[in-house]
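**Q** Structure of the sequence below:
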Amino acid sequence: MATSSDIQNNDMQIHKALVDINESPIYVLLNPAINRAQKDLPVTIFESELHVIDGVPSMIFVRSAYTIETLEVERISEDHVAHIRPSDGSSAATQL
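**A** This next block holds a predicted model:
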């Protein structure tokens, strides 16, 4: 996982190291730029594929489609947490 608006040069090196541990890890890119008009999460998920480029096998990132499914109880809980306001001078984290 990385926070950036686009894939960086060293991301594939890190991903290749993870392939030694997990044969098919996903790569998650979180864009930290806030766009209030955008309704979707600023997350892009990539899978790695092995392609032969100029006769040389190379691993590349391929964008993967995804959907996020939630239950009503999850949405109610998230809404409750989002609206916690400290009432006794403590922090919101203490209130949780």
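**Q** list the contacts for the residue at minimal distance from the centre of the chain?
**A** Per CA atoms, centre = their mean, the C-alpha nearest to the average position across the chain is that of Val28, at 4.0 Å. Each residue near Val28 by CB atoms under 8 Å, 6 or more residues apart in numbering is listed here: Met1, Ala2, Val43, Thr44, Ile45, Phe46. Placement of C-beta: from N, CA and C, glycine included.
**Q** so Pro32, which of the three states?
**A** Under DSSP: H, G, I helix; E, B strand; the rest coil, Pro32 falls in the coil class.
**Q** Report all helices and strands that the top helix by length along the chain contacts.
**A** Longest helix of the chain, by residue count under DSSP state H: helix 72-82. Counting contacts by 3 or more CB pairs under 8 Å, 6 or more residues apart in numbering; DSSP states H and E, helix 72-82 packs against no other helix or strand.
**Q** Please name the residues that touch the residue lying closest to Ser5 once chain neighbours are set aside.
**A** Once flanking residues are discounted, Ser5 sits nearest to Asn31: 5.0 Å by CB to CB, 6 or more residues apart in numbering. Counting by CB under 8 Å, 6+ apart, Asn31 makes contact with Thr3, Ser4, Ser5, Pro42, Val43, Thr44.
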